[in-house]
Each structure stands twice: as C-alpha cells, then as structure tokens.
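S.K.: need a 3D model of the sequence below.
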Amino acid sequence: MKIKYDPAKANKFKHSQETFSAKQSVSARVMSCFIGLICIIPLCIGLYMALCGPIDSGNYLSRLMDKNEIRTYVKKRLLCPSTAKFEAIKITQNGCFKEAHVTVDAQNKYGAMVRETYRLENRNGRWGQPANLYFDCPSIE
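M.R.: Reported below is the predicted structural model:
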C-alpha cells in the first residue's frame, strides 16, 4: 500500500504542532512567572521585616535573653535539671524593676515529677531571689 503525499494534511499537521508549541510556551511563561513570584514574595517579606521589623524588636530580644537567664538560674537550683520542663515564664516590668514568675516541672530526689514555682527579681542586671527590701530605681541624670 502506497501512501500519497497530501499537502493539505501536511499543513494541517504542521499548524497543530505550532499551536501546541505556542500553548506550551505560554504555559511555560506562566509557570516561570508563578515560580518567580513564589521566590520574590518571601524575599520581599523578609526584607520588610529586616528593615522595619516588629515594633518592639529590642524589647522582644531582651525578654528572650531574660528567659534564657531565668532558665539557667532555675536549673542551677534543681536536683535534676535535665528533666526540667518550663510551663510558664511571665516577666513583668514596672519602670526599671523586673519581676518573673516561673513554673517548672522537674523530678525530685525520688524520681517523681514535681511542680515548683519561683518568684525572681532582676537586681543589678542579674536575676535572683527577691530581696525583702525594695529600693527605688536609681535616677539617671
């Protein structure tokens, strides 16, 4: 069986290939734009947060450092510090006076989990047990 060459069918086939490649290039362009947006949006958000940042970024950092200092202070006073699970650390500040209420679960000498609460003060830049006497904040002139 011999197949005859039909130019009309050949042009139709060529036209369908061009249409397919045009559709493919449009979808490829849309996909590359979509991927570009996925990459650019987080970059813009990160840049915005780095330049503008949260309103209380310094306060957040100091509270984070305070919480780490409080954890180390409390862990030094526990019998089994490796089992310590801090349930809550609430820091309140009134002027230059900082106070922390800490709730921690840790094992006692018998191996039972016991909940303890601590009340700490920040005196002279260090966290410790509260003193009985309260002094006024030093005036900065």
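
S.K.: check contacts around the nearest residue to Gln93 once chain neighbours are set aside.
M.R.: Spatial nearest neighbour of Gln93, chain neighbours left out: Glu99 (7.8 Å); criterion: CB to CB, 6 or more residues apart in numbering. (C-beta placed from N, C-alpha, C; glycine too.) Neighbouring residues of Glu99 by CB atoms under 8 Å, 6 or more residues apart in numbering: 91-93, 119-122, 130.

S.K.: cool, Ala84 as well?
M.R.: Shown in contact with Ala84 (CB under 8 Å, 6+ apart): 71, 74-75, 78, 104-106.

S.K.: redo that, cut-off 10 Å
M.R.: Listed by CB atoms under 10 Å, 6 or more residues apart in numbering, the contact partners of Ala84 are 71, 74-75, 78, 104-107, 116.

S.K.: and it, what are its phi and psi?
M.R.: Main-chain dihedrals, Ala84, degrees, to the nearest 10: phi -70, psi 130.

S.K.: can you tell me which of the contacts of Glu99 are buried?
M.R.: Buried by 16 or more other CB atoms under 10 Å: 91, 120, 122, out of those.

S.K.: make JSON lines from those and add pLDDT and secondary structure to it.
M.R.: What follows is the buried ones among the contacts of Glu99, written out as JSON lines (pLDDT from 0 to 100; DSSP: H, G, I helix; E, B strand; the rest coil):
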{"residue": "Ile91", "pLDDT": "88", "secondary structure": "strand"}
{"residue": "Leu120", "pLDDT": "89", "secondary structure": "strand"}
{"residue": "Asn122", "pLDDT": "83", "secondary structure": "strand"}
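
S.K.: any chance of the residues you listed in TSV, plus distance to Cys44?
M.R.: Below are those laid out as TSV (distance: CB to CB, whole Å):
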residue	distance to Cys44
Ile91	33
Leu120	41
Asn122	38
